[in-house]
Each structure stands twice: as C-alpha cells, then as structure tokens.
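Visitor: model this:
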Amino acid sequence: MNYKPKISVLMTIYNHQNYLEQSIKSVLKQTYKNWELIACENGSNDNSKSILKKIKDKRVKKFFFRNNIGRTKCLNFALKKSKGDLIAILDSDDIAKSNRFISQIKYIKDKDLALVGSWYSRIDHNGKVLEKINFKIKNSKILRKILFSNIIGHSTIMFKRDIINKIGNYPNKFKFMQDYAFFLKVYKNFNIGMIEKNLTNCRYHHHNSETFRLSNTKIIENENAKLLNWSKENFDLNIVESLFYYYQLTKLKFKIIKKTLGL
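Guide: From the prediction side, this is the model:
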C-alpha cells in the first residue's frame, strides 16, 4: 500500500489502572507503524499515571492533568496536540485488534469516506465477550439509524483530520454524548462508513466506566434528548422516522421522570 498517512490515536485516561497497559499495548502491536498515541491522563486518583509513565515508546506522547477536566475537553486537547492526517480513537479500557489501523486506512481511501467505524465486541472487566455488535450495511437506510441512536462504537472510529475545519471539535456542551454529537455533525456534512470486521474490543459498563459513573444521573437521558431534537431540526425525516423520533423521545422522558422520582 503506497498510501501511508500518519495516524494520531487519541486516548483519554481516567482511573483505568486495570486496563490501561493492555490498551496501550494493543496500539504498540499494530501491524501499521506510522502512528502517534496522544495519551492524556485526566487527573486519575488510581495508578494510571504511574502506568503511563512506564511506557517508553517515543511515539507515545504523554500529557498529565492534575485534576479531571472532563472527557470532552480532554478529547479536544488531545486533538489539538495531534499531528496525524487521520485521527483514531481508543478509550483507555478498550483493545484494538492488531490489523485495525491498516484495515481502516485502506477502507477510507478506497471508499473516499470522511469517517469509518467497524464492528466490535463488548467485553466485561475480565475481557470476556458479552456481545458482538455486527450489522450489515447493505444501504444508506441502515446508517440513517444514527439519527435516533448511536450505532457507532467510539473506540472503533477513524476520521480525516481536515473535516474538523468544517464541523469543529467535539462539542463542549456535551459531557457524555460528545462522541454521538460529533458523529451526527460528520454525518450531516460527509460520507461515513462501517467496516464489517470486528476490529476492537470495547469494555462495557464496568465500575470505572463513564457510563456507570453517570448511570444514576439524568445527564445521559437529557443529552440524548437534545441530540434527538438536533436530528429532527437538521434532517428531513420521513413519516416513519418522525414517528420513531417521538417514540424515542417519549421513552427518554419516562426515564427522566423515573429518575426524578427515584424509581
């Protein structure tokens, strides 16, 4: 392959001492070698900082925050520090398959896409596979599902750096669904795709995950509702899609009510 762009891998780290080394090693083991890892230690209070400091590969660029600045700001900081033509994401509790980068580079080039994701497996804290997220992309109707729910695993994506010039960074007003908000902006302006290969193992809902920490708040539901409304305002929905929008919004409102009442 003559096309050999530099990849910047963005990794935000917070209290992932049990998974961080394995995650970084999955980048070091990539068959494609022209990459840099922007590893941002976001004020962890466990041993994540010490683990990161022990990594000696010069391609790993390390940044340390005294306090947690929030995941969105941390992602945007890493994006600003990156130098690559392509940007990849790998959360610090997830694991990339060794052929991930080479597969995604080829797919982006051949299909002329702005962003690509892939199939992935959800794994538990011990690495056991809980579920395989595999779905066929036979036509654009499948990708339209992104208007109503986040069908892309954040740790599976790679995108062209230059799209940032048009759509901007991860939106700072979102604390949890900044990835979904970003995907929607990309989808509105560019072509995206999905590789029908399992290229990442994503750690699911363990006690140190962002999802678990926010599960007792209403942040997830409120942000999801905002993005549903954003989709309605920015895309022409057909009758079926409009009905599904109201269905999804109603479900979210019931969840918010239940949490408000402590049910």
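
Visitor: now the helices for the chain?
Guide: 20-28, 48-53, 71-81, 100-111, 140-143, 164-167, 178-189, 210-214, 219-234, 239-261 (DSSP state H).

Visitor: Where among those helices is average confidence lowest?
Guide: In terms of average pLDDT, helix 210-214 trails the rest of the helices of the chain, at a mean of 65.

Visitor: that older thread, could the helices of the chain go into TSV alongside mean neighbour count and distance to Ala39?
Guide: Where C-beta positions appear, they are placed from N, C-alpha and C, glycine not excepted. Output for those, formatted as TSV (neighbours: other C-beta atoms under 10 Å; distance: least, C-beta to C-beta, whole Å):
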stretch	mean neighbour count	distance to Ala39
helix 20-28	19	7
helix 48-53	18	6
helix 71-81	19	8
helix 100-111	19	16
helix 140-143	11	31
helix 164-167	13	20
helix 178-189	20	18
helix 210-214	14	17
helix 219-234	17	26
helix 239-261	13	34
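
Visitor: In TSV, list the ones you listed along with distance to Ile195.
Guide: Formatted as TSV, the helices of the chain follow (distance: least, C-beta to C-beta, whole Å):
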stretch	distance to Ile195
helix 20-28	17
helix 48-53	29
helix 71-81	22
helix 100-111	5
helix 140-143	13
helix 164-167	22
helix 178-189	15
helix 210-214	24
helix 219-234	24
helix 239-261	25
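
Visitor: For Ser92, find the nearest of those helices.
Guide: Proximity to Ser92 (C-beta to C-beta) singles out helix 20-28 among the helices of the chain, at 5.1 Å.

Visitor: Let me know the angle separating that closest one from helix 100-111.
Guide: 50 degrees (axes from the mean of the first three to the mean of the last three C-alpha atoms, to 10 degrees).

Visitor: Can you spell out which helices and strands pack onto helix 20-28?
Guide: If you count contacts as 3 or more C-beta pairs under 8 Å, 6 or more residues apart in numbering; DSSP states H and E, helix 20-28 packs onto strand 7-13, strand 35-42, helix 48-53, strand 95-96.

Visitor: Indicate which one of those is closest to Ser149.
Guide: Judged by C-beta to C-beta, the one of the helices and strands packed on helix 20-28 that comes nearest to Ser149 is strand 7-13, at 22.9 Å.

Visitor: pLDDT (mean, whole number) over that closest one?
Guide: Mean predicted lDDT for strand 7-13 stands at 98.

Visitor: which residues are contacting it?
Guide: 20, 23-24, 27, 32, 34-42, 44, 48, 52, 71, 74-75, 78-79, 82-92, 101, 105, 158, 161 (C-beta atoms under 8 Å, 6 or more residues apart in numbering).

Visitor: repeat for stretch 250-263
Guide: Stretch 250-263 has contacts (C-beta under 8 Å, 6+ apart) with 216-218, 221-222, 224-225, 228.
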